[in-house]
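Trainee: Build the 3D model from these lines:
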Amino acid sequence: MRIRILGTAAGGGLPQWNCGCAGCATARHTGAVRSQDCLAISGDGSAWYLVNASPDLRTQLLAAPELAPAPGSRATPLHGVLLTSGELDHTLGLLTLREAAGLSVHASAPVRAALHGAFPVGPLLAPYTGARWHTVVPGRAVELAGGLVAEPLALGGKRPRYAADLPVPPEGERTDWVTGYRFTGPDGRARAVYAPGLAAWTPAVDRAVADADVVILDGTFATDDELARHTGGARTSRGMGHLPVADSLPHLARRPGPRYLYTHLNNTNPLAHRDSPEAAALAPALAAAGAAVAEDGTVLDL
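Mentor: Below you'll find the model as predicted:
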């Protein structure tokens, strides 16, 4: 199994275009930028899938030699996309793929419905490419090309803002608006978990990471009150559907073995700024839990 981390920032990226905070200003000055959350994964090194399609997707694809078309052709190794949510920073890049000869898109039922209604990506793509849509169900494995197997994990019920007014189904609010994936390679040995959105550390998450080789998880905020301290607002990390790093680290320490990498970092998160004193102060706690911060372009061979 091969993984290329295409982007590691939360929505808006780093620097965010309309933000003049100290972190964004430093990123502009030093060039230490992060593109928005996205991953490429392959079971055999030939058939590739994206996990999420960020607004930065074109630039990310051009920086990934594994995803380039064959010389003299438009045949690419990209077979499809698996979505972890319906958020704009995870779905806007689907429109970038409109030139594809064909595309498979995997999403949970509520996300798929939202992308054919409130934010009609499906109908918008239809005149351009033969997109095939598939519904993923938590706990039900999906077999992909190249021997890759993806098992969806329900991670939370946080809807995108554009879907806030969609009716709640009779059985109540769904918990698969946000999903993660546990990937298994063709030999059955290589295992990876990708969960850039994580509202709580559930028993399902605990089981998924237990024997994983690498776990790439939600690092949006370092602490629960981070955004409130930076903006003066009242929103907390947990209230926005993101388990803060400070609260997930004890779970990582309790489950040693996997290589843990934090992704989807907000521009307010000191961990997003590699050389900051705040990041250096947090480094010992991460190291003690076997964790580090993911970087754009990182390649993992399992």
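
Trainee: Let me see the ranges of the helices in the stretch 151-300 of the chain.
Mentor: 203-209, 226-231, 245-254, 277-288 (DSSP state H, counting those that start in this stretch).

Trainee: And these: which comes nearest Ala32?
Mentor: Judged by Cβ to Cβ, the one of these that comes nearest to Ala32 is helix 277-288, at 11.1 Å. Quick note: C-beta positions are derived from backbone N, CA and C, even for glycine.

Trainee: Find the least confident helix or strand in this structure, judged by mean pLDDT.
Mentor: Lowest mean confidence among the helices and strands of the chain (mean pLDDT, DSSP states H and E): helix 226-231, at a mean of 79.

Trainee: which stretches of the stretch 151-300 of the chain have low pLDDT?
Mentor: Within the stretch 151-300 of the chain, the ranges that satisfy pLDDT under 70 run 170, 232-234.

Trainee: want to try a markdown table for the helices of the stretch 151-300 of the chain, with distance to His116 and mean neighbour count as columns?
Mentor: As requested, those are exported to a markdown table (distance: least, Cβ to Cβ, whole Å; neighbours: other Cβ atoms under 10 Å):
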| stretch | distance to His116 | mean neighbour count |
| --- | --- | --- |
| helix 203-209 | 27 | 16 |
| helix 226-231 | 31 | 16 |
| helix 245-254 | 33 | 18 |
| helix 277-288 | 40 | 13 |
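
Trainee: Next, format those as JSON lines and append distance to Pro110.
Mentor: JSON lines is the format used below for the helices of the stretch 151-300 of the chain (distance: least, Cβ to Cβ, whole Å):
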{"stretch": "helix 203-209", "distance to Pro110": "18"}
{"stretch": "helix 226-231", "distance to Pro110": "25"}
{"stretch": "helix 245-254", "distance to Pro110": "25"}
{"stretch": "helix 277-288", "distance to Pro110": "33"}
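
Trainee: between those, which one is nearest to Asn267?
Mentor: The nearest among the helices of the stretch 151-300 of the chain, by Cβ to Cβ, is helix 226-231 at 9.0 Å.

Trainee: contacting residues for Lys158?
Mentor: Counting by Cβ atoms under 8 Å, 6 or more residues apart in numbering, Lys158 touches 85, 177-178, 197, 199, 240-241.

Trainee: Buried subset of these as a PyMOL selection?
Mentor: This is the PyMOL syntax for the buried subset of the contacts of Lys158, where burial follows 16 or more other Cβ atoms under 10 Å:
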select buried, resi 85+177+178+197+199+241
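
Trainee: Out of the contacts of Lys158, the closest to Leu265 would be?
Mentor: When those are compared against Leu265 (criterion: Cβ to Cβ), the nearest one is Gly197, at 12.8 Å.

Trainee: so where does Leu50 fall, helix or strand?
Mentor: Counting by DSSP states H and E, the element that carries Leu50 is strand 48-51.
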